[in-house]
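S.K.: Pasting the sequence and the predicted model now:
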Amino acid sequence: MYNILITDDEQIVIDSLSFIINKNFPGQVTMFSALSGAEAISVTNTNEIDIVFMDINMPVMNGLETVNCITRSKPDTVVIMLSASDKFQYAQEALNLGAYKYITKPVNRNLVIQTVRGAMNIVDTKRGKVSDDQELQRKLDFVLPMVESDFIYSCAFSGEKNIDLSSYLDYFNIHETTWCFCCIEVPHIDSSNQYAVYTKIRDILNEHARCLMGSFMLNRLVVFVPLENDSTPDLCSEKMHLLLKDIYTMLSLKVVAGIRVGVSKIESDKTHTAASYNEALAALNRTPPEGGCLFADSESPAAAKTLGEAAKLLDQLFNRMRIGDASGVKQLATAYCASLTQADISMDKKKNALFELLVNARNITTEVNESYTNEAFDNSFAVLSEENDMNNLELFVQKRLFECISAITNARTQHENPTINKVCAYISEHIAEDLPLEQIAMDAQISPFYLSKLFKEEKGQTLSTYICDMRLDKAKEMLTSSSSSIKEISASVGYNDQNYFSKLFKNKFGITPTEFRGTDSFTGEKSK
């Protein structure tokens, strides 16, 4: 038996949580409640409370102060914080006080159930016992994935056969009559990390809904997602989109960047499972290669084409980030935002695309600088949710990207090999000259072979590519700041063949030097 105290100054919150817990843990819990911090302290002093749900924002004595008092006298109490705010500061303070979980209101039923179950396990561990029920549950946890995989296989590959899946759903205690399939593709997966990734994805999915998940097929997973029945078709579709977007965001943040997800339309006929799976697979195959979440019920050919073009810009942007090219990142971000503005998609989709950009940008930054933190990134989802002006959104994204570039540049400057620094300085000083590998290696006093290997390891690109990029960036700067002819600029950066120079310039920037000089932006807008 577990004694659970719910503390909140709103009775409706207490009633809602009590209903969820009593319904899902019948005969296992005794519920207590308190409407203030002082009352909560009184309850814990007179009763052996195992688990406490505590609202942060309460009058007189707030939740953090109350928890501090409770845990001093009852250190074994498992604390779960509640708040209507997702501020990082609150969560950090709660965790510093030893809270087990931090949940934002309105609460998610599945998350509450999973959190209570986890808290019960902690209580049992502290009591020094493992019940027979828990031992049975552990055995079921071992068997369940195999049964789920069998269910997914039957759904996806039944073809035209009418397979009765009701017995499976009864076994899993799933009674929702509507559902969808989603296909998840995970990059960089192999036998060494497959199980860990599978477990992490399973935990994330079950925090949001009681999903059924198949085993990995190469780098892909198939998931059956039951949906709530108590809504109109339009509302059900909206809830499904929000649910899968939240899941995708968590997968991108907690598993790996670049995950791709395809989602089928909502279905209710159990004989259509194979067709539903194929819808999800088709949506996945149309998802941009660098990652994203695509819904089968909201695609339009024009939007798909526009987003495909935008994805190419995004790929270039991430490549420029990795080498610390602030100017190139700024131009590509401007072009990417312009493509989103022109796309025939909802504002929510545009915001989601920008959030994915920021998630990937932060992941790239932490690859170089593992200690990188930025409070603005922690609040980015809230900022993007509230802002509806694309110009303001672009400005916000540009600032975050500039901060990432600065962090990448600083980290590389601190850790870069002195030999590579010397090589880069030599290239910069002799940019207008021929720069054969042997000559650069001689100046650095190392062998050409070792220089090539070392440079690629340190910079993530070949020496020749670096020289080409430096020359073209210098040329672009001169096209803007000087009145020299294109032929003179070409020669001053080491290219005596103007036609060859123009070809390289267009390959990198998408427009010729002549067109660039006649524009005032990367997107090709004619200067006035």
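M.R.: Happy to help now that I have it. Numbering: from 1, shown residues only.
S.K.: Which parts of the protein belong to which domain?
M.R.: Following automatic domain parsing, one finds the domains of the chain at 2-129, 141-299, 416-517.
S.K.: can you tell which of these is closest to Met390?
M.R.: Nearest to Met390 among the domains of the chain is domain 141-299 (19.0 Å), distances taken as CB to CB. Every residue, glycine included, has its C-beta placed from N, CA and C.
S.K.: average pLDDT for the closest one?
M.R.: For domain 141-299, mean pLDDT rounds to 83.
S.K.: Now render the domains of the chain as TSV, adding mean neighbour count.
M.R.: Shown next, in TSV, are the domains of the chain (neighbours: other CB atoms under 10 Å):
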stretch	mean neighbour count
domain 2-129	17
domain 141-299	17
domain 416-517	16
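S.K.: Distance to Leu384 added to these, as CSV?
M.R.: Output for the domains of the chain, formatted as CSV (distance: least, CB to CB, whole Å):
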stretch, distance to Leu384
domain 2-129, 13
domain 141-299, 11
domain 416-517, 27
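S.K.: Please name the spatially closest residue to Ala84 (chain neighbours excluded).
M.R.: Using CB to CB, 6 or more residues apart in numbering and skipping the chain neighbours, the partner closest in space to Ala84 is Lys105 (4.7 Å).
S.K.: my bad, Thr249
M.R.: Closest to Thr249 by CB to CB, 6+ apart is Phe355, at 7.1 Å.
S.K.: Check Ile122 too.
M.R.: Nearest one to Ile122, counting by CB to CB, 6+ apart, is Val78 at 5.2 Å.
S.K.: From Ser346, how far out is that neighbour?
M.R.: Between Val78 and Ser346 the computed distance is 41 Å (CB to CB, to the nearest Å).
S.K.: and if you look at Ala411?
M.R.: To Ser346, Ala411 is 37 Å away according to CB to CB.
S.K.: And those two? Which one has more around it.
M.R.: Ala411 (19 against 12; other CB atoms under 10 Å).
S.K.: what does the average pLDDT come to for the host helix or strand of that one?
M.R.: Mapping Ala411 onto the secondary structure by DSSP states H and E places it in helix 390-415. For helix 390-415, mean pLDDT rounds to 84.
S.K.: next SSE after it?
M.R.: helix 418-429.
S.K.: and the closest residue to Leu212 other than its chain neighbours, how far is that from Ile152?
M.R.: Sequence neighbours aside, Phe224 is the residue nearest to Leu212 in space, at 4.2 Å (criterion: CB to CB, 6+ apart). From Phe224 across to Ile152, the span is 6 Å (CB to CB).
S.K.: Same question for Asn193.
M.R.: From Asn193 over to Ile152 (counting by CB to CB), the distance is 21 Å.
S.K.: re earlier: wasn't the residue nearest to Leu212 part of a helix?
M.R.: No. Using DSSP: H, G, I helix; E, B strand; the rest coil, the assignment for Phe224 is strand, not a helix.
S.K.: who's in contact with Val225?
M.R.: By CB atoms under 8 Å, 6 or more residues apart in numbering, Val225 lies in contact with Trp179, Cys180, Phe181, Cys182, Ala209, Cys211, Met240, Leu243, Leu244.
S.K.: actually Phe295, not the one I typed
M.R.: His241, Leu244, Val263, Ala283.
S.K.: mind checking the SS state of Glu457?
M.R.: helix.
S.K.: pLDDT score assigned to Asp443?
M.R.: Value for Asp443, per-residue pLDDT: 88.
S.K.: Quick check: which element contains it?
M.R.: helix 437-444.
S.K.: Keeping just the C-alphas, turn the helix or strand containing Asn22 into PDB.
M.R.: Per DSSP H and E: Asn22 is located in helix 11-24. Backbone C-alpha positions of helix 11-24 (Å, rounded to 0.1, in the frame of the first residue of the first chain) are rendered in PDB as follows:
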ATOM      1  CA  GLN A  11      -9.400  21.500  -5.800                       C
ATOM      2  CA  ILE A  12     -10.000  20.500  -9.400                       C
ATOM      3  CA  VAL A  13      -6.400  19.600  -9.800                       C
ATOM      4  CA  ILE A  14      -6.500  17.400  -6.600                       C
ATOM      5  CA  ASP A  15      -9.700  15.700  -7.800                       C
ATOM      6  CA  SER A  16      -8.300  15.100 -11.300                       C
ATOM      7  CA  LEU A  17      -5.100  13.500 -10.100                       C
ATOM      8  CA  SER A  18      -6.900  11.500  -7.400                       C
ATOM      9  CA  PHE A  19      -9.300  10.100 -10.100                       C
ATOM     10  CA  ILE A  20      -6.400   9.100 -12.400                       C
ATOM     11  CA  ILE A  21      -4.400   7.400  -9.600                       C
ATOM     12  CA  ASN A  22      -7.300   5.600  -8.000                       C
ATOM     13  CA  LYS A  23      -8.500   4.300 -11.300                       C
ATOM     14  CA  ASN A  24      -5.200   3.000 -12.500                       C
END
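S.K.: begin at 233 from here
M.R.: Yep, numbering from 233; the last one is helix 243-256 now.
S.K.: Let me know the average pLDDT across the helix or strand following it.
M.R.: Following helix 243-256 in sequence order, the next helix or strand is strand 261-266 (DSSP H and E). Strand 261-266 shows a mean pLDDT of 93.
S.K.: Please enumerate the strands of the stretch 383-532 of the chain.
M.R.: 410-417, 444-445, 452-459, 492-495, 524-527 (DSSP state E, counting those that start in this stretch).
S.K.: So for Arg359, which of those strands sits nearest?
M.R.: Going by CB to CB, the one of those nearest Arg359 is strand 444-445, 31.9 Å.
S.K.: Against which helices or strands is the closest one packed?
M.R.: In terms of contacts (3 or more CB pairs under 8 Å, 6 or more residues apart in numbering; DSSP states H and E), strand 444-445 is packed against helix 364-388, helix 426-440, strand 452-459.
S.K.: between these, which one is nearest to Gly556?
M.R.: Taking the helices and strands packed on strand 444-445 one by one with CB to CB, helix 426-440 is closest: 29.8 Å.
S.K.: CA atoms only: put the closest one into CSV for me.
M.R.: Taking C-alpha atoms only, helix 426-440 is exported to CSV below (Å, rounded to 0.1, in the frame of the first residue of the first chain):
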residue,chain,number,x,y,z
GLN,A,426,20.4,-0.6,-31.0
TYR,A,427,19.0,-1.8,-27.7
ALA,A,428,19.8,1.4,-25.8
VAL,A,429,18.1,3.5,-28.5
TYR,A,430,15.1,1.1,-28.6
THR,A,431,14.7,1.4,-24.8
LYS,A,432,15.0,5.2,-24.9
ILE,A,433,12.4,5.5,-27.7
ARG,A,434,10.1,3.1,-25.9
ASP,A,435,10.2,5.2,-22.7
ILE,A,436,9.5,8.5,-24.6
LEU,A,437,6.6,7.0,-26.5
ASN,A,438,5.0,5.6,-23.4
GLU,A,439,5.3,8.9,-21.6
HIS,A,440,2.9,10.3,-24.1
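S.K.: Now find how far off-centre that helix is within its chain.
M.R.: Here helix 426-440 shows a centroid-to-chain-centroid distance of 14 Å under the convention CA atoms, centre = their mean, to the nearest Å.
S.K.: cool, and stretch 437-446?
M.R.: With CA atoms, centre = their mean, you get 18 Å for stretch 437-446.
S.K.: What of stretch 577-595?
M.R.: In terms of CA atoms, centre = their mean, the centre of stretch 577-595 is found 9 Å from the chain centre.
S.K.: now stretch 277-287: mean pLDDT?
M.R.: 91.
S.K.: Could you do stretch 694-707 as well?
M.R.: Mean predicted lDDT for stretch 694-707 stands at 90.
S.K.: Which other helices and strands does the helix holding Asn254 contact?
M.R.: Using 3+ CB pairs under 8 Å, 6+ apart: helix 243-256 touches strand 234-239, strand 261-266, helix 341-359.
S.K.: Format those as JSON lines; extra columns: distance to Ile659.
M.R.: Output for the helices and strands packed on helix 243-256, formatted as JSON lines (distance: least, CB to CB, whole Å):
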{"stretch": "strand 234-239", "distance to Ile659": "64"}
{"stretch": "strand 261-266", "distance to Ile659": "69"}
{"stretch": "helix 341-359", "distance to Ile659": "54"}
